[in-house]
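1. 3D model of this:
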Amino acid sequence: MTEQDRDEQAIIKAWQRAGNPAWSVKDLSKALGVLPDDRAGLRQQVRDMVRAGTLVRLAGRRYRVGTGSDVVEGVI
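-> Numbers count the residues shown, from 1 in each chain. Purely as a prediction, here's the structure:
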C-alpha cells in the first residue's frame, strides 16, 4: 500500500466517522488534524480523489464521499 493509498483511506474514514457530511477542505483538515500550512497537499489529494470518483464535489467547494448513485452517465 502506498502513502497516497493510506492518505485516501484516512480521508474516507474521517468522512465515514462523521456520517459523510458535506465538508470543505478546511473542515476536512480540522477532522484529520492537518495544520493550515499543510492544507495545499490535502487540497491536491482531494482534487485527485474527485478525478478518481472517490469524492464528489458539491456546490460551495464542498465535498463528500461518492457512492454509485452519485454518478450519471451520458448527456443531461
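2. how about the helix or strand encompassing residue 13: buried residues?
-> Using DSSP states H and E, residue 13 sits in helix 3-17. Buried residues in helix 3-17, counted by 16 or more other CB atoms under 10 Å: 7, 8, 11, 14, 15. From N, CA and C alone the C-beta is placed, and that goes for glycine too.
3. now distance to residue 36 too, for these, in JSON lines please.
-> Formatted as JSON lines, the buried residues of helix 3-17 follow (distance: CB to CB, whole Å):
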{"residue": "7", "distance to residue 36": "18"}
{"residue": "8", "distance to residue 36": "21"}
{"residue": "11", "distance to residue 36": "17"}
{"residue": "14", "distance to residue 36": "17"}
{"residue": "15", "distance to residue 36": "20"}
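4. okay, the residues you listed in CSV with pLDDT and distance to residue 23 next?
-> Shown next, in CSV, are those (pLDDT from 0 to 100; distance: CB to CB, whole Å):
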residue, pLDDT, distance to residue 23
7, 86, 16
8, 88, 15
11, 89, 10
14, 89, 9
15, 87, 7
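5. pick the one among the residues you listed closest to residue 40.
-> Distance to residue 40 across these (CB to CB) is lowest for residue 7, with 13.7 Å.
6. I'd say that closest one and residue 45 touch.
-> Yes - applying CB atoms under 8 Å as the test, residue 7 and residue 45 come out as touching, 5.7 Å apart.
7. hmm, back to that, go through whatever helix or strand comes next after the helix holding residue 13 and flag the buried ones.
-> Remark: after helix 3-17, the chain's next helix or strand is helix 25-32, criterion DSSP H and E. Neighbour counts over helix 25-32 (16+ other CB under 10 Å) mark 25, 28, 29, 31 as buried.
8. also stretch 33-53?
-> Those would be 34, 42, 45, 46, 49, for stretch 33-53 by 16+ other CB under 10 Å.
9. right, and the fourth one touches residue 8 too?
-> No - with contacts defined as CB under 8 Å, residue 46 does not count as touching residue 8, sitting 9.9 Å away.
10. first to last residue in stretch 49-63, what's the distance?
-> Start and end residues of stretch 49-63 are separated by 10 Å (CA to CA, to the nearest Å).
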